[in-house]
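>>> would you be able to build a 3D model of this:
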Amino acid sequence: MAHDDPFARARDWLAEAAAAGVPEPEGAALATASPDGRPSVRFVLVRGIDERGLRFFTNYASRKGRELDANPVAALALWWPSLQRQLRAEGPVERLALQESDAYFASRARGSRLGAWASRQGTVIPGREVLDDKLAELGERYGEDVPRPEYWGGYLLRPQAIEFWEGRANRLHDRIHYLREGEGWRCERLSP
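Just a heads-up that it's a prediction; the model follows:
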């Protein structure tokens with residue numbers, strides 16, 4: 001019915017989506033909530049899956065960053081329509097170690113690194129030229145060596161539940177659900 005290790009299965013599905021040419025196969029909807037329970041959702045890129053969980057990176061001062069600081073639980077869903085597959089994960093979220101954030105930031109294209117400095121994600125700006133001007137200024141200031149801003153870094157979602165959904169005929173989809181039990185997982189099949 002299922003793989004013993006849901007993280008290995010998740011990595012396999014992500015690799016299969018990439019091999020199938022799915023655009024932005026790492027794109028995932030991330031749902032967070034404010035302390036009073038108001039939900040919000042946006043797309044992020046999953047930048048790694050290992051035995052700990054799923055990683056993504058953002059501006060800590062963004063709405064999602066503030067919500068995760070106040071209410072460190074989230075749900076994440078990856079959807080690959082051409083493969084008729086989706087993966088859902090939910091659980092507590094924590095900031096990654098600074099070394100992991102530094103390493104990932106250094107691997108990004110220079111323009112993306114400068115963009116993290118130029119944008120105060122989610123804040124109101126008077127016009128696009130503010131970003132363009134700031135990007136040009138930062139490019140001159142930093143050259144090729146663009147450091148990671150203190151307000152930017154990674155998060156790790158440590159799933160307590162992971163679901164693998166595959167589309168099937170007659171809407172009788174396969175739903176394999178893993179629930180964290182101690183150091184292992186309980187696996188069950190859900191009705192569609």
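>>> mind checking how far Asp36 is from Ile49?
The gap separating Asp36 from Ile49 is 31 Å, by C-beta to C-beta, to the nearest Å. No exception for glycine: its C-beta is placed from N, CA and C like everyone else's.
>>> compare the two and say which is more crowded by neighbours.
Ile49 (24 against 7; other C-beta atoms under 10 Å).
>>> how near is the residue lying farthest from the centre of the chain to Arg158?
Relative to the centre of the chain, the most outlying C-alpha is that of Asn170, 31.4 Å out, by C-alpha atoms, centre = their mean. Note on Asn170: its distance to Arg158, by C-beta to C-beta, is 36 Å.
>>> do Ser107 as well
Relative to Arg158, and taking C-beta to C-beta, Ser107 is found at 23 Å.
>>> comparing those two, which residue is more hemmed in?
Set Ser107 next to Arg158 and count neighbours by other C-beta under 10 Å: Arg158 wins out with 13 against 10.
>>> isn't the more buried one up against Gly91?
Yes. With contact defined as C-beta atoms under 8 Å, Arg158 reaches Gly91; the gap is 5.1 Å.
>>> identify the contacts common to the two.
Shared contacts of Arg158 and Gly91 (C-beta atoms under 8 Å, 6 or more residues apart in numbering): Gly53.
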